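Undergrad: Pasting the sequence and the predicted model now:
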Amino acid sequence: MKTYTLNFEQKLPIPLAEAWDFFSSPLNLAKITPDDMKFNVTSNYTADTKIYPGMLITYKVSPLFGIKLNWVTEITNIKDQEYFIDEQRFGPYALWHHEHHFEAIKNGVKMTDNLTYGIPYGIIGRLANTILVAKKVKEIFDYRKKAINDLFGAYRES
């Protein structure tokens with residue numbers, strides 16, 4: 001299986017504790033995911049629920065062509081207010097390993113996402129990644145960046 005790695009960075013004009021509080025709530029993911037993905041957390045969590053190692057989160061998602069899929073991720077590692085890692089346990093990818101890193105900086109927080117994913121089906125999967133999947137993943141993270149700026153405001157160096 002061929003794997004692909006993408007890295008995204010964004011600075012937020014909020015304190016580290018506020019960023020951690022928002023991103024460590026599974027239900028907030030829907031707020032920063034494109035509407036056309038019809039992203040829905042199906043786990044029975046409340047807005048107060050915070051991630052913990054071993055936590056399984058279930059979703060319904062339509063990543064391509066409106067086809068609804070079940071997706072299950074597990075929170076595998078956490079260091080409070082520094083990072084957490086989610087990995088797919090069941091879903092559309094052969095591999096999904098997503099690291100979320102947070103670092104306090106002047107006037108806010110630097111958030112870094114390191115994503116490694118793999119597509120099943122050998123050469124057909126590689127072709128699908130080239131034609132569709134890589135573009136869609138980038139669109140999701142571009143949307144996420146804008147949605148986060150809309151929620152928290154744009155970071156300004158000063």
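TA: In hand now; what should we look at?
Undergrad: what's the first-to-last distance across stretch 82-101?
TA: Using Cα to Cα, to the nearest Å, the end-to-end distance of stretch 82-101 comes out at 6 Å.
Undergrad: what pLDDT, on average, does that stretch get?
TA: Stretch 82-101 shows an average pLDDT of 97 in the prediction.
Undergrad: now stretch 25-38
TA: For stretch 25-38, the mean per-residue pLDDT is 94.
Undergrad: residues in contact with that stretch?
TA: 22, 39-41, 43, 45-51, 55, 57, 60-63, 66, 68, 139-140, 143-144, 147-148, 151 (Cβ atoms under 8 Å, 6 or more residues apart in numbering). All C-beta atoms are positioned from the backbone trio N, CA, C, and that covers glycine.
Undergrad: among these, which are in strands?
TA: Asn40, Val41, Ile57, Lys60, Val61 (DSSP state E).
Undergrad: Going through these, which ones are buried?
TA: Buried members of those, counted by 16 or more other Cβ atoms under 10 Å: Val41, Ile57, Val61.
Undergrad: Report the lowest-confidence entry in the residues you listed.
TA: Lowest-confidence member of these: Val61, scoring 92 (pLDDT).
Undergrad: got a list of what that one touches?
TA: So Val61 contacts Met37, Lys38, Phe39, Asn40, Lys68, Leu69, Trp71, Gly91, Pro92 (Cβ under 8 Å, 6+ apart).
Undergrad: can you rerun that using 6 Å?
TA: Met37, Phe39, Leu69, Trp71 (Cβ atoms under 6 Å, 6 or more residues apart in numbering).
Undergrad: Same question for Gly125.
TA: Counted by Cβ under 6 Å, 6+ apart, Gly125 has contacts Ile119.
Undergrad: List just the nearest of the ones in strands among the contacts of stretch 25-38 to Arg156.
TA: Taking Cβ to Cβ as the measure, Arg156 lies nearest Val41 of the ones in strands among the contacts of stretch 25-38, at 32.2 Å.
Undergrad: Tabulate the buried ones among the ones in strands among the contacts of stretch 25-38 (TSV), appending distance to His98.
TA: Converted to TSV, those look like this (distance: Cβ to Cβ, whole Å):
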residue	distance to His98
Val41	15
Ile57	12
Val61	14
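Undergrad: Nearest to Pro120 among the ones in strands among the contacts of stretch 25-38?
TA: Val61 (16.3 Å).
Undergrad: For the closest one, which residues count as its bridge partners?
TA: Leu69 (DSSP bridges).
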